[in-house]
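**Student:** Next come a sequence and a model predicted from it.
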Amino acid sequence: MKKRQDNTYYEIPASPRIISGETALEVLGEEMRSHGATNVLLITDAVSDKSELADRLRIALTATGLRPGANYVAKRDVASYSAVYELRELYRINVCDGIIACGGEATIGTAKALRMLLSSQEADLDSIAGVDIAKKKMAIPFAAVPSGIDTSSGVTMNAYLKKENGEGREFRAVSGCADICAVDIETGEDVNAVSTIMGAALVLSDSIEAFVSVNARKLTKCMDLFAIRAIRDSLDRALNAPSDRAAYWQLRQAGILSGLACNVAGAGLARALENALVVVCGGSREDYVGIVLPAVLAFNIDACAADYAQALYYLIGDDSYAMTAAEERARKLVDVVKELFERLAKEAGLPLKLSEIVDDETKLEAVANVALGDYALMTDPAAVTAKDVADILRSIW
């Protein structure tokens with residue numbers, strides 16, 4: 001088990017200016033203009049491009065005198081090297097002077113990598129891959145407009161890209177963080193029960209992993225605990241009453257806090273496995289989080305039992321917590337999360353085993369190899385070996 005440090009020092013390496021509320025999109029246009037942008041590259045995905053959110057965004061940008069010089073519709077499931085290179089050419093051909101990404105994690109991740117590449121003035125992505133490798137040499141105004149419940153991608157500074165040969169590479173640098181993150185209060189109109197469940201699952205997973213990270217600090221832990229409590233207080237309300245804007249709003253605020261915490265604390269083994277599964281098997285992190293997280297929580301339990309017990313209180317509330325014996329609380333967290341995901345999967349028709357969505361078990365070896373090279377493993381509370389990763393993947397097959 002890794003030696004954990006608990007000290008008062010921390011850094012928030014990057015954070016966008018966060019604007020939210022009914023006028024967030026209008027303010028976004030003004031903010032981008034104040035950063036010098038007039039002709040932006042608008043990056044969406046197949047879902048968000050046809051959403052009310054994207055329609056309102058385009059209207060708001062036009063109203064503030066900011067014109068989309070080009071619109072690129074990205075593949076929703078995975079961010080890739082080829083997409084970034086294609087976007088770079090589109091950016092240059094249309095003489096763009098800023099980037100706005102509207103969509104989910106893969107779409108915004110693609111935009112982050114593009115911003116890192118352009119601002120570093122390097123010729124290829126491999127030269128800036130890794131942690132704190134990409135250096136900002138020129139200003140490229142960049143705004144993120146996250147869709148759905150999981151808003152964390154709008155405030156984080158990392159991207160994960162798939163190469164043409166099937167490898168995955170992480171990009172994590174201050175230049176990957178958006179200048180502005182706009183969270184529109186009306187986005188609840190564009191989400192449904194499935195997207196709500198999948199987005200909330202990601203927020204919960206990232207919050208728990210950042211909470212138990214070896215790099216977690218008191219400030220980030222407070223952010224994570226708020227996010228965990230928001231899932232408890234608002235998820236069922238949002239599912240039972242789709243018109244409950246307050247419930248959606250609280251879930252989206254939880255995503256922001258979870259993302260800010262991850263910028264400092266990082267994620268862990270669950271994030272590494274989810275990234276690897278996306279690269280090797282396709283799909284998105286949402287497809288795998290409900291399968292992966294319970295197994296990772298069980299694996300890490302000995303390394304962070306005290307943190308699990310504290311997180312449990314925020315997930316189940318006063319009465320249930322008081323009725324659980326102190327020595328059983330860590331295990332109770334694992335069980336509660338597993339039961340929650342099983343219930344949500346049943347409601348939304350989501351898989352609970354990899355064999356339900358991955359077509360070939362032999363791919364697990366490649367998944368393990370990709371996961372073992374992920375930066376997220378460095379912040380996991382337990383020392384993770386190749387055998388551990390292989391055992392976990394077999395257990396969830």
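**Tutor:** Here it is on my side, so go on.
**Student:** how deep is Lys135 tucked in, by neighbour count?
**Tutor:** Number of residues near Lys135 (other CB atoms under 10 Å) recorded here: 14. Where C-beta positions appear, they are placed from N, C-alpha and C, glycine not excepted.
**Student:** Near the nearest residue to it once chain neighbours are set aside, how many other residues are there?
**Tutor:** In space, and not counting its chain neighbours, Lys135 is closest to Ser120: 5.7 Å by CB to CB, 6 or more residues apart in numbering. By other CB under 10 Å, 20 other residues sit near Ser120.
**Student:** same check, this time on the one 4 residues further on
**Tutor:** Here the neighbour count serves as a burial measure; for Asp124 (other CB under 10 Å) it reads 11.
**Student:** So for the lengthiest helix in the chain, what gets flagged as buried?
**Tutor:** Identified as the longest helix of the chain according to DSSP state H is helix 218-240. For helix 218-240, the neighbour count (16 or more other CB atoms under 10 Å) marks 220-221, 223-231, 234-235, 238-239 as buried.
**Student:** related to what we said a few turns ago, next up, the contacts around the residue nearest to Lys135.
**Tutor:** Applying CB atoms under 8 Å, 6 or more residues apart in numbering to Ser120 gives the contacts Ser127, Ile128, Ala134, Lys135, Lys136, Lys137, Ser175.
**Student:** Phi first, then psi, for it.
**Tutor:** Main-chain torsions, Ser120, degrees, to the nearest 10: phi -80, psi -20.
**Student:** distance of it from Phe226?
**Tutor:** According to CB to CB, to the nearest Å, Ser120 and Phe226 sit 34 Å apart.
**Student:** what does Ala330 give?
**Tutor:** Ala330 is 21 Å from Phe226, by CB to CB.
**Student:** Val289 should be in a strand, yeah?
**Tutor:** No: with DSSP: H, G, I helix; E, B strand; the rest coil as the criterion, Val289 is helix rather than part of a strand.
**Student:** Surely it and Ala201 touch.
**Tutor:** Yes: using CB atoms under 8 Å, Val289 is in contact with Ala201, at 4.8 Å.
**Student:** Distance from the chain centre to the longest helix of the chain, please.
**Tutor:** Offset of helix 218-240 from its chain centre (CA atoms, centre = their mean, to the nearest Å): 15 Å.
**Student:** Tell me which helix or strand comes right after it.
**Tutor:** Once the chain leaves helix 218-240, the next helix or strand it forms, by DSSP states H and E, is helix 245-265.
**Student:** Does anything pack onto that next one? Which helices or strands?
**Tutor:** On a contact count with 3 or more CB pairs under 8 Å, 6 or more residues apart in numbering; DSSP states H and E, helix 245-265 meets strand 17-21, strand 180-184, helix 193-212, helix 218-240.
**Student:** can we see that at 6 Å?
**Tutor:** Here helix 245-265 touches helix 193-212, helix 218-240, going by 3 or more CB pairs under 6 Å, 6 or more residues apart in numbering; DSSP states H and E.
**Student:** Pull out the buried residues from the contacts of Ser120.
**Tutor:** Among the contacts of Ser120, the ones that count as buried by 16+ other CB under 10 Å are Ile128, Ala134, Lys136, Ser175.
**Student:** is it true that the second one touches Ile128?
**Tutor:** Yes: counting by CB atoms under 6 Å, Ile128 is a contact partner of Ala134 at 3.8 Å.
**Student:** Give me the common contacts of the two.
**Tutor:** Counting by CB atoms under 6 Å, 6 or more residues apart in numbering, the common neighbours of Ala134 and Ile128 are Met116, Ser120.
**Student:** what stretches of the stretch 101-250 of the chain score poorly on pLDDT?
**Tutor:** Where the stretch 101-250 of the chain drops to pLDDT under 70, the residues are 186-191.
**Student:** ok, Ser205 to Asp307 distance?
**Tutor:** The gap separating Ser205 from Asp307 is 15 Å, by CB to CB.
**Student:** Between the two, point out the one with more neighbours.
**Tutor:** For Ser205 versus Asp307, neighbours defined as other CB under 10 Å are more numerous around Ser205 (28 against 21).
**Student:** residue contacts, that one?
**Tutor:** Ala270, Val289, Leu293.
**Student:** Run through who's touching stretch 162-178.
**Tutor:** Here stretch 162-178 makes contact (CB under 6 Å, 6+ apart) with 13-14, 16, 78, 80-81, 112-113, 116, 119, 129, 131-132, 134, 136, 142-144, 157-161, 279, 370, 375.
**Student:** What number of residues are in the vicinity of the nearest residue to Ile291 once chain neighbours are set aside?
**Tutor:** The shortest distance from Ile291 to any non-neighbouring residue, by CB to CB, 6+ apart, is to Ile396 (5.2 Å). Using other CB under 10 Å, Ile396 is surrounded by 17 other residues.
**Student:** Surely Ile396 touches Ala295?
**Tutor:** Yes: taking contacts as CB under 6 Å, Ile396 lies within contact range of Ala295: 5.1 Å.
**Student:** Kindly confirm my reading that Ser15 is in a helix.
**Tutor:** No: counting by three-state DSSP, Ser15 is not found in a helix; it is coil.
**Student:** Can you give me the neighbour number for it?
**Tutor:** By the criterion of other CB under 10 Å, Ser15 has 17 neighbours.
**Student:** and it, what pLDDT?
**Tutor:** Looking at Ser15, its pLDDT is 76.
**Student:** State the distance from it to Asp307.
**Tutor:** Note on Ser15: its distance to Asp307, by CB to CB, is 24 Å.
**Student:** No further queries at this time; thank you.
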